[in-house]
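Participant: The sequence isn't on hand, but the structure is:
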C-alpha cells in the first residue's frame, strides 16, 4: 500500500503543482487582461479622437474649398458688377441664377430678391423678344447677338441691345441662358438731340444770312424814309390847322413811320438794331400792349377770343429794349389770337424761374434768374414739320396780305436772342400752342418812363450847326428841321468838306452822318476836326444801329447817337442835350 | 577558409533577400515591431501602417471576424478591430498575416514544407507569448514576434539559396536530422545566423535579432535574455509536441532544462502551456489558417 500511498501523494503533488501553476497562469493572464482593457479604453479614445481630428480636418478642408468658391464667386460678382452692361444668368426653368448690380438697379430690385425667381414672379415682362429668344438659345445652343429690344425698367421703357448666350456647365451641357444687355436709350436720345441741334444751327445760319440781306436793304430804306417823315412833319407844322391837306399829309407821315417799323424789324433780324437797353417791367409792357389800340383792333376781328393773364406781381425786371420786347409780346399775342379763328382763350402769364439745366431745344443755357413769359392759345396748333420753320423770316401760314409781313416770329426769335434769352414751344395740331420766352432777369429797378417833351423843350436858340451827309435829301430835311428848331444851319456833303468848313468857321455842333459813300466816314471826320477843335460837340446819325465806329467817335468826344429816320423830337432833344453839355463844361 | 566561405555565401543570400519579394514584408513587419517596442506608439500609427497595405487589411479583417477572436460585432475597419479585438491582438494578427506572405509558395522536399514551417512558427510565437504572459506576467507581444520570425532564415535559404538548401535537406533527411549541422556543413552558417543578419539589415531591435540568432543555443550569451530563452524553450517544446515542422533533433534537452531553470519555468508549466497552444492551433487549423495559399 505504501508505494500506492507514495504514488497517490506524488500524483496529488503533481495535481497540486499543476493547479498552482494554473492559478498563477490565470492570475497573470487576468492581470494582463486588466491592463490591456485599460489600454484598449485609452486606444479606443485615441482611435476615435483621431477620427474626430479627421472629421475636423475634413471639415476644415471643406470650409477652405467653400471659402475658395465664395472668393471666386465674389470675384465674379465684382467683375459682373463693374460691367457697363446689365448681366443675368437664368436656369432652364427661367429662374435667375445670378445678376449684376446694374441689372438689379435698373429694375429697382435687390439682387437677393431676384435670384431664384422668374420674370413672371417679379411682375416684370423682361423684354419684347425675351422669352422667345431665350427658349431658342437654350434649344439650339447658339447665341442670339445684338438683338434690339425694349425693356420695362423702373424708370420707364428702355431701348436695349442684348446678347443672349447659352449658359453651360464645364462639360458643355446647357444650364440655362446668359444675357448681356446694354441700355442704348441715352445713345438714341443723344442722336436725336444732335439732330435737333444740327437743325437749329442750320436755321440760325439761314436766319443770319437773311438778316444780313435784310440789314443791307434796311439801311437804304431808312435813308429814304428820313425825308418822307421829316418833310411830312415840316409840312404839317406849316399848314394852317383847318387845312384839308392835313389828314393826307398825316397819313403819309404815319405810313412812313409804319414802314420804318418794318425796316426796324429787318434791322433787328440783321442783329444791328439793338438799341440801348434799360431795366424794364415785362408785366407793364404786357399790360400796355393789352390796352393798346393795336390789340383792341385785333380783338374786334376775333370776338370769340377771351384773354386771361396771370402776371406774377413779384416779377423781376429785364434789361432790354422796350420796343423790341413790346414787339415780341405783340407778335406772340397776335399769332395766338389769329390761330383761334373760331374763338378760344389767349393766356399770357409771367413768372420768375431759376434755370440751371437746359430747356428743351437749347444746347446750353447760362445759369441764373430768368423771367418767363408764356403765351398760350387754344387754337389750331402748329404741325411738327412747321415748328422748325416758324421762326424763319417770311414763313407764314397766314393769308398773305391780310396781316403781317412774315417777319413776326423771326423778329421774336431775333429779339429774344438779342436779349440773351431763349424761346421754346409746345404744340399739338388742333390742341393749341404754348410759347415760352426766357429772358435773363435783372435786379435793377425799372427806369422811370420818359415824358413826351413839348416843342419848346427841344428848340435851339440860334446856335450854329453843320450838317454833314452825303445824301442830298438827308441834308435838306435835316437842315430844314434844324432851322425850324431855331438853329443856324450850314450843310456839306462829305467829311473832307466838313473839315475845311470847320477850319474856316467854328460851329457849335456837328450833325454827322456816320456812313458816307467814298471818302471819310463820320468817325474819321470827327477825329480830324477834333484835332484842331478839341471837344467839338457833335450828334451822330446813322441808318444802321450803333456800331463800333459810332462808339469810336463817341470815345473821341462826339455826343449822342440818333437813329435814322429821326423825328423832329428825338433829333432836337439829342442836339439840345449835346449843346447843354457844352455850356455846363 | 571556412569563415571567408561562410561570409561569401551569407553575403550572397543577404543581397538576394534585399532584392527579393521577401523584403516586401520588411516595412510593415519592422513597423509593427517598432509599435510593439515603443510604449509611446499609438493605435493610430498601427492603423495607418496596416491601412497602407490593402491586401493585409483584408486578411486581418477576415481573421479578426473569425471565431478565434470572438469579436462581438462585425468588424469592417482596422480601427474597429483595434477596439473590438484589442490593440495587442491586432498587432499579433498584422504580424502573423504579413509574415505569412513569405511562407507561401515554395516547395516541399525531404520532409520539409514551408506550410509546416509556418505552422511551427505560429506555434512557437503562441507558445513564447504564453510563456511571457503566464510565467513572466508580461504582454509577450515581442515574444510573439520573435517566435514568428525565429526561423525566417530557413525561408531565405529555401528561396534564395535553393541548390545549397537542397543539399542541406538531403543531408538532414539522410542522417542527423540536425538541420543546423547540415547547413553549416554546406554553407558555413545556419538559418539562425542568416535570420539574425536579415533582422539586423531590417533594423529589428537587438534583442529580437539575438533571440533569432540564439534560439538553438540560448545560453551561449553572457547573460540569458528572457526573450531568447522564451523562444528557445517554446521552439523546443513545440517540436517535442510535433506542432509543425521540426528543424532540430529533440536533443540538447539539457540546454533547455538549464534555460528553464534560469528563467524559473517548471516543466509542468510547459506541459500546461503546450496544451493551450495545441488547442489554439487546432482551432486555427479548423478555421483554415494553415490551408495552402492563405
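Facilitator: Noted; the coordinates are in hand. Since this is a predicted model, take the numbers as computed values, not measurements.
Participant: Count the neighbours of residue B:58 for me.
Facilitator: Residue B:58: 11 surrounding residues under other Cβ atoms under 10 Å in any protein chain shown. To be clear about C-beta, it is placed using only N, CA and C from the backbone, and glycine gets the same treatment.
Participant: which SS class is it?
Facilitator: Recorded secondary structure, residue B:58: helix (DSSP: H, G, I helix; E, B strand; the rest coil).
Participant: How about the one 10 residues further on?
Facilitator: For residue B:68, the assignment made with three-state DSSP gives coil.
Participant: what's near enough to touch it?
Facilitator: B:280, B:283, B:284, B:287 (Cβ atoms under 8 Å, 6 or more residues apart in numbering or on different chains).
Participant: Roughly how far does the residue nearest the centre of chain A sit from residue A:183?
Facilitator: For chain A, residue A:358 is the residue whose C-alpha lies nearest the centre (Cα atoms, centre = their mean; 2.4 Å). Separation of residue A:358 from residue A:183 (Cβ to Cβ, to the nearest Å): 22 Å.
Participant: Ok, residue A:155 next?
Facilitator: Distance, residue A:155 to residue A:183, by Cβ to Cβ: 10 Å.
Participant: for residue A:144, same thing?
Facilitator: Here residue A:144 is placed at a distance of 18 Å from residue A:183 (Cβ to Cβ).
Participant: Same check on residue B:65?
Facilitator: Going from residue B:65 to residue A:183 by Cβ to Cβ gives 72 Å.
Participant: Check what pLDDT residue 92 gets.
Facilitator: As the question left the chain open, I've gone with chain A. Residue A:92 carries a pLDDT value of 88.
Participant: Sorry, I should have been clearer: chain B.
Facilitator: We have a pLDDT of 88 for residue B:92.
Participant: Not counting residues beside it along the chain, what's closest to it?
Facilitator: Leaving aside its sequence neighbours, residue B:92 sits nearest to residue B:144 (Cβ to Cβ, 6 or more residues apart in numbering or on different chains; 5.5 Å).
Participant: And for that neighbour, the neighbour number?
Facilitator: Neighbours of residue B:144 using other Cβ under 10 Å come to 26.
Participant: Just want to know which of residue A:155 and residue A:183 has more residues nearby.
Facilitator: In terms of neighbours (other Cβ under 10 Å), residue A:183 is the more surrounded of residue A:155 and residue A:183; the figures are 18 against 9.
Participant: Within the helices and strands, which one has the closest residue to the more buried one other than its chain neighbours?
Facilitator: In space, and not counting its chain neighbours, residue A:183 is closest to residue A:158: 5.1 Å by Cβ to Cβ, 6+ apart. Per DSSP states H and E: residue A:158 is located in strand A:156-168.
Participant: May I see the buried residues of the helix ranked longest in chain B?
Facilitator: For chain B, the helix with the greatest residue count under DSSP state H is helix B:267-287. By 16 or more other Cβ atoms under 10 Å in any protein chain shown, the buried positions in helix B:267-287 come out as B:269, B:270, B:272, B:273, B:274, B:277, B:278, B:280, B:281, B:284.
Participant: Quick one: residues contacting residue A:488.
Facilitator: A:462, A:463, A:464, A:465.
Participant: how many neighbours does the second one have?
Facilitator: By the other Cβ under 10 Å criterion, the neighbourhood of residue A:463 contains 18 residues.
Participant: any idea where the strands of the stretch 351-500 of chain A begin and end?
Facilitator: A:368-377, A:422-427, A:433-442, A:464-468, A:488-492 (DSSP state E, counting those that start in this stretch).
Participant: Throw these into a markdown table and include mean pLDDT, thanks.
Facilitator: Output for those, formatted as a markdown table (pLDDT from 0 to 100):
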| stretch | mean pLDDT |
| --- | --- |
| strand A:368-377 | 91 |
| strand A:422-427 | 85 |
| strand A:433-442 | 90 |
| strand A:464-468 | 92 |
| strand A:488-492 | 92 |
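Participant: do you know which of these lies nearest residue A:175?
Facilitator: Minimum separation from residue A:175 across the strands of the stretch 351-500 of chain A (Cβ to Cβ) falls at strand A:422-427, 51.6 Å.
Participant: mind listing what that closest one pairs with, with the direction of each?
Facilitator: Applying DSSP bridges, strand A:422-427 is found paired with strand A:433-442 (antiparallel).
Participant: Which ones, among the buried residues of helix B:267-287, also lie beside chain A?
Facilitator: Checking those against chain A by Cβ under 8 Å from any Cβ of the partner chain, the ones in range are B:269, B:272, B:273.
Participant: Between these, which sits nearest chain A?
Facilitator: Using Cβ to the nearest Cβ, residue B:269 comes nearest to chain A of those, at 4.6 Å.
Participant: residues contacting the closest one?
Facilitator: A:21, A:25, B:134, B:135.
Participant: still on that earlier bit, let me know how buried the residue nearest to residue A:183 is, in neighbour terms.
Facilitator: By other Cβ under 10 Å, the residues close to residue A:158 number 21.
Participant: Likewise for residue A:70?
Facilitator: Around residue A:70 there are 10 residues (other Cβ under 10 Å).
Participant: For chain B, give me the ranges with low pLDDT.
Facilitator: Scanning chain B for pLDDT under 70 picks out B:1-6, B:72, B:105-106, B:176, B:221-222, B:247-251, B:292-294.
Participant: Any figure for the gap between residue A:555 and residue A:92?
Facilitator: 85 Å.
Participant: Between the two, which is the more surrounded one?
Facilitator: residue A:92 (13 against 9).
Participant: Now do the same contact list for that one.
Facilitator: Applying Cβ under 8 Å, 6+ apart, we find residue A:92 in contact with A:138, A:174, A:175, A:176.
Participant: Nearest to chain B among the residues you listed?
Facilitator: residue A:175 (39.0 Å).
Participant: can I assume that closest one is in contact with residue A:91?
Facilitator: Yes. Between residue A:175 and residue A:91 there is a contact under Cβ atoms under 8 Å: 6.1 Å.
Participant: Which neighbours do those two have in common?
Facilitator: Here residue A:175 and residue A:91 share the contacting residues A:97, A:167, scored by Cβ under 8 Å, 6+ apart.
Participant: how near is residue A:555 to residue B:243?
Facilitator: Residue A:555 sits 143 Å away from residue B:243, going by Cβ to Cβ.
Participant: typo on my end, it should be residue B:214
Facilitator: 21 Å.
Participant: was I right about the residue nearest to residue B:92 contacting residue B:126?
Facilitator: Yes. Applying Cβ under 8 Å, one finds residue B:144 in contact with residue B:126, separated by 7.3 Å.
Participant: Chain B next: which of the contacts of residue A:92 are close?
Facilitator: Applying Cβ under 8 Å from any Cβ to the contacts of residue A:92, none is adjacent to chain B.
Participant: how many neighbours does residue A:202 have?
Facilitator: 11.
Participant: SS state for it?
Facilitator: Residue A:202 - assigned by three-state DSSP - is helix.
Participant: Leaving out chain neighbours, which residue sits closest to whichever residue of the stretch 251-400 of chain A sits closest to chain B?
Facilitator: Closest residue of the stretch 251-400 of chain A to chain B, Cβ to the nearest Cβ: residue A:357 (77.0 Å). Leaving aside its chain neighbours, residue A:357 sits nearest to residue A:365 (7.6 Å; criterion: Cβ to Cβ, 6+ apart).
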